[in-house]
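*Asks:* Pasted the sequence and its predicted model underneath.
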Number of protein chains: 2
Amino acid sequence: MTYCCALRLKDGLVFISDSRTNAGVDHISVFRKLYTFGVEGERLITIQTSGNLATTQAVIGHLKNHLTLNQEPHLYSVKTMFEVAELVGCLLKKVIQDVTDDKDEQHNYYCNLLVGGQIKGEPMQLYHIYPQGNFICATRDTPFFQIGESKYGKPILDRALRYDMSLEDALRCGLISFDSTLRSNVSVGMPLDCMVYHKDSLHIPLGKRICEEDPYFEYISKQWSDTLRRGLQELPVPTEDYLT
Amino acid sequence: MTYCCALRLKDGLVFISDSRTNAGVDHISVFRKLYTFGVEGERLITIQTSGNLATTQAVIGHLKNHLTLNQEPHLYSVKTMFEVAELVGCLLKKVIQDVTDDKDEQHNYYCNLLVGGQIKGEPMQLYHIYPQGNFICATRDTPFFQIGESKYGKPILDRALRYDMSLEDALRCGLISFDSTLRSNVSVGMPLDCMVYHKDSLHIPLGKRICEEDPYFEYISKQWSDTLRRGLQELPVPTEDYLT
């Protein structure tokens, strides 16, 4: 499986993806699921993928190929993030249809994508693109999307993530969401890929690969365990009617 | 959907269940999913249910009916908790087969059960019974089982629950697991049914129904939100390489 989350906040975008793929328990591999496209000073586009690996690689492969051969419309020719989402959505739908036009079979080749970024002169956007090619857009009320094994890491996002929190705070919240997932589900695994985009910078971030034994991630993971255990201890003792 | 969890600890058993059932978003009802059987001073047997409501009610109905008519083997005639699990497992399998013997159809009628308790002279036991009628038993290494919407509430159990923690601590941990689930998934809902059994007491607890606005549950829910938000704030600021 996979876990990816993306946050669209007042001050920027945060993307975090795991890198574990598995086709059965004895076919476990590391594949990057966070892809970055962009032209420094003009546009940044990030795509996160979950689902059938051949489908996601085909989508990314076609997007890159169109850029290489300058076949328009491509990621650097479209004018708005909405058009980026349309382009990626159409391509995803087509890739799946090319494998099989049997609707009952298509779900075997499904994948979900998160597409975020900014084009000069436009606001930042974040889209969740479905295997049918349609998509939804993050808003101030719902500032994050998740794909893959999303349930383990959802409570902390539901409880703590706010549109107007700082990027540093949001990143910590996202990393804790991953830490919870990594501990509870063996199909989500290190290394993680992480990227923070600062609004209106139009700068393409380097991004950070978080490997096993990353000192910062290890530290916050341990501190978070302590916080939870201490927090449970500090809750008031259940009233008598709970215990009889 | 449903969320039930059961904990088998050094000092006793803890059971918590939600009570929301839904067949589509406009058929939402409250049905108890925590059933208690027992003979004071001799045995306590608790059953938690998730899945097809007609199946779970049929299983509970037959178990009660066998007691009423004194048709052996029944819950008060079998000698061990293992035999309780066998009895319930066979019944569950039969109820599903009675609806349809088409294997491809049977999954529509599946349910999962958690069966825990103690019979005089025997250790406490906790079983997860599958719709196929087979079952697994909780151990010191794996002291809890969950059925239904289990993922949201699993991280806190994975991280904090220990076999040798006190019943009060375990109950708080279980309640926080529910609180996380209630906030993230609308198909799990109040009221909750909660029961704590003290090892070797052979006492049948009253149990506690936790309704909306239960003062204790509301208090710990709010305090837990504060703990998480403060805990995130207290994590060290991400190193520069995370943000560039």
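*Replies:* Received the coordinates, thanks. Numbers count the residues shown, from 1 in each chain, chains lettered A, B, ... in the order given.
*Asks:* Show me where chain A has its helices.
*Replies:* A:53-68, A:81-99, A:103-106, A:154-160, A:167-184, A:215-234 (DSSP state H).
*Asks:* okay, the angle between the longest one and helix A:167-184?
*Replies:* Using axes from the mean of the first three to the mean of the last three Cα atoms, to 10 degrees, the direction of helix A:215-234 lies 80 degrees away from that of helix A:167-184.
*Asks:* avg pLDDT for helix A:215-234?
*Replies:* Helix A:215-234 carries an average pLDDT of 95.
*Asks:* Could you tell me which other helices and strands that helix packs against?
*Replies:* Applying 3 or more Cβ pairs under 8 Å, 6 or more residues apart in numbering or on different chains; DSSP states H and E, we find helix A:215-234 packed against helix A:167-184, helix B:154-160, helix B:167-184, helix B:215-234. (Each C-beta comes from the backbone N, C-alpha and C, glycine too.)
*Asks:* Which residues outside the longest one are in contact with it?
*Replies:* Outside of helix B:215-234, the residues within contact range by Cβ atoms under 8 Å, 6 or more residues apart in numbering or on different chains are A:156, A:159-160, A:169, A:172-173, A:176, A:223-224, A:227-228, A:231, A:234-236, A:238-239, A:242, B:172, B:175-176, B:179, B:192, B:210.
*Asks:* Swap in 7 Å and give it another go.
*Replies:* A:156, A:159-160, A:169, A:172-173, A:176, A:224, A:227, A:231, A:235-236, A:238-239, A:242, B:172, B:175-176, B:179, B:210 (Cβ atoms under 7 Å, 6 or more residues apart in numbering or on different chains).
*Asks:* Can you tell me which of those are buried?
*Replies:* The neighbour count (16 or more other Cβ atoms under 10 Å in any protein chain shown) marks A:156, A:159-160, A:169, A:172-173, A:176, A:224, A:227, A:231, A:235, A:238, A:242, B:172, B:175-176, B:179, B:210 as buried among the contacts of helix B:215-234.
*Asks:* Please verify my assumption that A:T244 contacts B:P205.
*Replies:* Yes: counting by Cβ atoms under 7 Å, A:T244 does reach B:P205; the two are 6.0 Å apart.
*Asks:* Neighbour count for the two, which is higher?
*Replies:* Applying other Cβ atoms under 10 Å in any protein chain shown to A:T244 and B:P205 shows that B:P205 carries more neighbours, namely 21 against 13.
*Asks:* ok, the nearest residue to that one once chain neighbours are set aside to A:G38 distance?
*Replies:* Spatial nearest neighbour of B:P205, excluding adjacent residues (Cβ to Cβ, 6 or more residues apart in numbering or on different chains): B:M195 at 5.2 Å. Distance check for B:M195 against A:G38: by Cβ to Cβ, to the nearest Å, it reads 56 Å.
*Asks:* Also A:P191?
*Replies:* 22 Å.
*Asks:* ditto for A:Y242
*Replies:* 55 Å.
*Asks:* How about A:Q48?
*Replies:* From A:Q48 to A:G38 the distance is 15 Å (Cβ to Cβ).
*Asks:* out of these two, which sits in the more crowded spot?
*Replies:* A:Q48 (29 against 20).
*Asks:* who's in contact with the more buried one?
*Replies:* Neighbours of A:Q48 in contact, by Cβ under 7 Å, 6+ apart: A:C4, A:A6, A:F15, A:S17, A:K33, A:L34, A:L113, A:L114, A:I147.
*Asks:* Columns neighbour count and pLDDT on top of these, output as JSON lines?
*Replies:* Output for the contacts of A:Q48, formatted as JSON lines (neighbours: other Cβ atoms under 10 Å in any protein chain shown; pLDDT from 0 to 100):
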{"residue": "A:C4", "neighbour count": "27", "pLDDT": "98"}
{"residue": "A:A6", "neighbour count": "27", "pLDDT": "98"}
{"residue": "A:F15", "neighbour count": "28", "pLDDT": "98"}
{"residue": "A:S17", "neighbour count": "29", "pLDDT": "97"}
{"residue": "A:K33", "neighbour count": "28", "pLDDT": "94"}
{"residue": "A:L34", "neighbour count": "22", "pLDDT": "96"}
{"residue": "A:L113", "neighbour count": "29", "pLDDT": "98"}
{"residue": "A:L114", "neighbour count": "28", "pLDDT": "98"}
{"residue": "A:I147", "neighbour count": "23", "pLDDT": "98"}
